[in-house]
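1. here you go, sequence then predicted model.
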Amino acid sequence: MGEFAGRRTGEDLEARIARLEDIEAIKNLKARYAYYCDHGYDADGMASLFVEDSLWTSNSFGTYHGKAAIHKFQSTISSEILWALHFMICPTVNVSDDGQTATGSWYLIELATMTRPSGGDATDAVVMSAIYNDTFVKENGEWRFKKVEVEFHQVSDLDKGWVLQRFRGA
C-alpha cells in the first residue's frame, strides 16, 4: 500500500487547516450537486456549481461542454428521471499544493423513477451505480466543478437488476 495519508506532513498548522477547510468545502459542493439533482434537477442551481469552461460527461447520459450546455442538460433530464435520490459515498479529495485545484472521487448509489425507454407514460423503479471522478478549481475564493466524469456501472430496472439488465434500453 502507499504511504499513510493521515500523517503529519511538516506543514504548518495554518496550511493543514486550510487544506482541511478546502476538502470540506469540496464535499459540501458535491452535496449541493446531489441536492440539486434530487430536487427536480434544478438547472439554475446546478449550473451555479460549475465554471464557464466546464465539462460534464458520462457513459450513459452523454457529454456536455460548458456551463450553458450543462444547464440545458439539467433542465431536460427531469423529463426522463422523474425522481431521484443520490447517495454520494466514500469521498476521496486531493487538494493541490497551491490550494487552487483539486480532484475527488465518489461512489454513487442512486434510486430513481424513470420513464420507460419505449416512451409513453409508464415509469420504472431504477437503481444506478457509478463512480464520479471530478476536477475542481477555486474561482473567486469558491470551489467550483471544472469537470464531472461519471462512469456508470449499471442503470437497471429494480425488478430486473444488474444481472439481467445492466443498462436499460440497451
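-> The structure has been received and is ready for your questions. Residues are numbered from 1 along each chain as shown.

2. strand partners (parallel or antiparallel) of the strand or helix carrying Ser129?
-> Using DSSP states H and E, Ser129 sits in strand 123-139. Here strand 123-139 has these sheet partners by DSSP bridges: strand 101-115 (antiparallel), strand 142-157 (antiparallel).

3. any buried residues in that strand, and which?
-> Using 16 or more other CB atoms under 10 Å as the burial criterion, the residues of strand 123-139 that qualify are 124, 126-130, 132-134, 136-138. Glycine gets a C-beta too; all of them are placed from N, C-alpha and C.

4. ok so, going back, do you know which of the strands paired with strand 123-139 lies nearest Phe61?
-> strand 142-157 (7.5 Å; CB to CB).

5. list the buried residues of the closest one.
-> In strand 142-157, counting by 16+ other CB under 10 Å, buried: 143-150, 152-157.

6. returning to what we had before: farthest pair within the buried residues of strand 123-139?
-> Asp124 and Lys138 (40.2 Å).

7. center of the protein - which residue?
-> The residue lying closest to the centre of the chain (CA atoms, centre = their mean) is Tyr132, at 5.5 Å.
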